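Student: Fold the following for me, if possible:
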Amino acid sequence: MSDQSGCPFSGKRDPIQSERVGGAIGTRPTNADWWPDALPVHLLHSQSERANPLGPDFDYQSAFATLDLEAVKADIFELLTTSHDFWPADYGNYGPQMIRMAWHSAGTYRVADGRGGSGEGLQRFAPVNSWIDNGNIDKSRRLLQPIKQKYGASISWADLIILTGNCALELMGFKTFGFGGGRIDAWEPDDTVYWGPEFEMETQDKRWTGEPGTDSYDLENPLAASQASLIYVNPEGPFGNMDPMSSAQEIRITFGRMAMNDEETVALIAGGHAFGKSHGASPKSHVGPAPDGAPIEAQGLGWMNTNGSGNGALTTTNGIEGAWTSNPIRWDHEYLQNLFKFEWEQTVSPAGGRAWKPKGGQGADMVPDAHVEGLRHPPMMMTTDIALITDPAYRKICERFVEHPEQLDDAFARAWYKLTHRDMGPKNRLLGDAVPDEELIWQDPIPARDHALVDASDIAALKAKILASGQPLPALLGAAWASASTFRKSDYRGGANGAHLRLEPMKSWAVNNPQQLSGVLSALEDIQKEFNAAQSGDKRISMADLIVLAGCAVVERAAKGAGVDIEVPFTPGRMDALAEQTDAQNINYLEPFADGFRNYKKGRYAVKSERMLIDKAQLLDLSAPEMTALVGGLRVLGANYDGSSHGVFTDRPGVLSNDFFVNLLDIDTIWKAVDEEEEVFEGRDRATGEVKWTATRVDLAFGSNAQLRALAETYSASDGHERFVKAFVNAWDKVMMLDRFELKHPLYQDS
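Tutor: Reported below is the predicted structural model:
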């Protein structure tokens, strides 16, 4: 044989050392390509500590406290008026584009699931960094990079972005409402957020039903943005129809999904458009790919424009060209004045963007060019601007703001603060001296603790009274879960603190079994009154604490019944919110569409129940083992919201056994759907055909999904019972404590 075709064992060619390399880690196809509908359990472990270069011991709150915030602001002020050739400042001032950067960072927030927002600086990562609506914001962050390098880990990107937006407003003459730090950076893209059904950017046909301008026009939950790759709405109107009335409808839906009412919506638009300009000076054919589609030599910069310098007077971003006012780098009330001052007709930019200009050439020399000395232009309005004077409700607000401009000042200051802090949670999470004193109802205020705490002997006595109250143990357990499991790590809202469970609207949610809950609350209120009346000093217990303690008492008894003597942690100190501190609409956003931990679904959805369980678990900051232990435990404890037997795979309910896992994995059980939706199943004995159990999709997921099955096998093993009980207790305590921010760091203060 020749050398080239020789025996593979001859030693002349090592087959393992072939130079044909076709793949590396993550190269497609992956499991997601082969099985795109697989349950994404791995997303529970996203934002891993292993991705964080600062290490697990880094304390951002303490690092932020070392900052001289005024020195940081001074550096920002200097940056804002120091133009750089690589990206020249419009009108010599970077303020407007920094406001846009901060606005777009915060504006991804939506109330349905609390996801999005500025809290983790996710504007730095895909997909948000490459959305068309964030065109050229990458340049704003590059301009900020020297300041971030100077102060390092003492200020996160997330905080710096919002602080810079505030500084820009102040530099241009606007008095802001305040600033709170405490946003902690993410270090990897967040694939847990559902941004919409579209696989194509700049489309919106899949997220809407009905026709624009009709009552049937409706946006899919949990989305807020009207179109894929936008922060808010298409500036040219729904589907680019240039119709102000249907644009107003879309604005109201979208801003409402961000928890903004009509006045806040008008204030944000009017305030934001008092500054800067829109860019459409070059044909879009000159604009290159977004950052995540750009070549490696672009070093993360996107939208490179090949028309001349590609920047300055030739910049194209959204394709609409022009400014709203005659002084785009100064706070004034001209935006609304201009809206009413002119009649408007359509115009088209060099990039093809459609907008509106004053009819008959009016105002032709009002607006100075951003870069060319002596050149002047008419003001510009987008369809979304014209919508504000076309819609009757918006127009009425605009007229009031024109007549009373000081009301616009206040409304914009408050709305901007809400926009940039909505996803930060309660006031006691905010850091720094610029946090406003005023408590705002959207921050779900809770009274500061004004009494001494119960001690160990009090806790033991209260547990005994709770267990002897005559209330069903599953009902006591369910009340504690119902209270604490409203927490969302996405925006730090909800949780047991405040005991909103005893107030409307939460106490009437179907998932909380209102009739059963009423009995529990009545019994606990009697115990509270008796205990507090018997105290000689200022020691008291709140209903918030008592509700949680009731659940802990049930778990302890159930564990003991299973032969495991374990103390369930309980940390008192919660307070009860007042009815007047509770915004019913604000609280209603916390109502779950589904809670797989209680085998609950509010309606029929396109999303499978087991995926909604993963979604809920992620909002509760649970790992896959924690989620698995909680579901298995809550089932055998009979915590289903309606008392059903689905998933209660045990002949000794109320005992914290590992029976759920043992019986789920029994090879002698055959499962079959009993409804067309394949939501409920019967488990029959393989030999006799007798029905042994019933289950939902959520229950069966722990046997069908390989990752969850591996966990179920662990908890079902001969040495798995005590491990399971400890895992359940740890996960239970974690959920009960998710909103105890004042205990997690000394810089967090009672509010």
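Student: Got the phi and psi for residue 345?
Tutor: With angles defined as degrees, to the nearest 10, residue 345 sits at phi -130, psi 160.
Student: looking at it, it is touching residue 354, isn't it?
Tutor: No - assessed by Cβ atoms under 8 Å, residue 345 is found out of contact with residue 354, at 11.2 Å. Where you see a C-beta, it was placed from the backbone N, CA and C, and this is true even at glycine.
Student: These two - which one has more neighbours?
Tutor: Just comparing residue 345 and residue 354: by other Cβ atoms under 10 Å the higher neighbour count belongs to residue 354, 18 against 10.
Student: residues in contact with that one?
Tutor: 236, 240, 242, 320, 346, 347, 348, 383 (Cβ atoms under 8 Å, 6 or more residues apart in numbering).
Student: What ranges does the stretch 251-400 of the chain have for its strands?
Tutor: Here the stretch 251-400 of the chain has its strands, by DSSP state E, counting those that start in this stretch, at 277-278, 322-323, 344-348, 354-358, 367-368, 376-377.
Student: closest to residue 662 out of these?
Tutor: Residue 662 lies closest to strand 277-278 among those, at 63.3 Å (Cβ to Cβ).
Student: and the closest one, what other elements does it pack with?
Tutor: For strand 277-278, the helices and strands in contact under the criterion 3 or more Cβ pairs under 8 Å, 6 or more residues apart in numbering; DSSP states H and E are strand 322-323.
Student: give me the number of residues near the residue lying closest to residue 89 once chain neighbours are set aside?
Tutor: Spatial nearest neighbour of residue 89, excluding adjacent residues (Cβ to Cβ, 6 or more residues apart in numbering): residue 83 at 4.1 Å. By other Cβ under 10 Å, the residues close to residue 83 number 16.
Student: try residue 279
Tutor: 26.
Student: Check what pLDDT it gets.
Tutor: Note on residue 279: pLDDT of 98.
Student: quick one: contacts for it?
Tutor: Residue 279 touches 136, 315, 316, 317, 318, 319, 320, 321, counting by Cβ under 8 Å, 6+ apart.
Student: for these, which one is nearest residue 420?
Tutor: Residue 420 has its nearest neighbour among the contacts of residue 279 in residue 136, at 20.4 Å by Cβ to Cβ.
Student: so how many other residues sit close to the closest one?
Tutor: Residue 136 is flanked by 22 other residues according to other Cβ under 10 Å.
Student: Excluding sequence neighbours, find me the nearest residue to it.
Tutor: Residue 136's closest residue in space is residue 317 (Cβ to Cβ, 6+ apart), at 5.0 Å.
Student: For residue 734, see how far away the one you found is.
Tutor: From residue 317 over to residue 734 the distance is 44 Å, taken as Cβ to Cβ, to the nearest Å.
Student: Looking at the two, which is more packed in?
Tutor: For residue 317 versus residue 734, the count of surrounding residues by other Cβ under 10 Å is larger for residue 317: 25 against 17.
Student: these two touch, right, the residue nearest to residue 136 and residue 303?
Tutor: Yes - Residue 317 is in contact with residue 303 according to Cβ under 8 Å; the separation is 7.5 Å.
Student: any shared contact partners between those two?
Tutor: Taking Cβ under 8 Å, 6+ apart as the contact rule, residue 317 and residue 303 both touch 135, 136.
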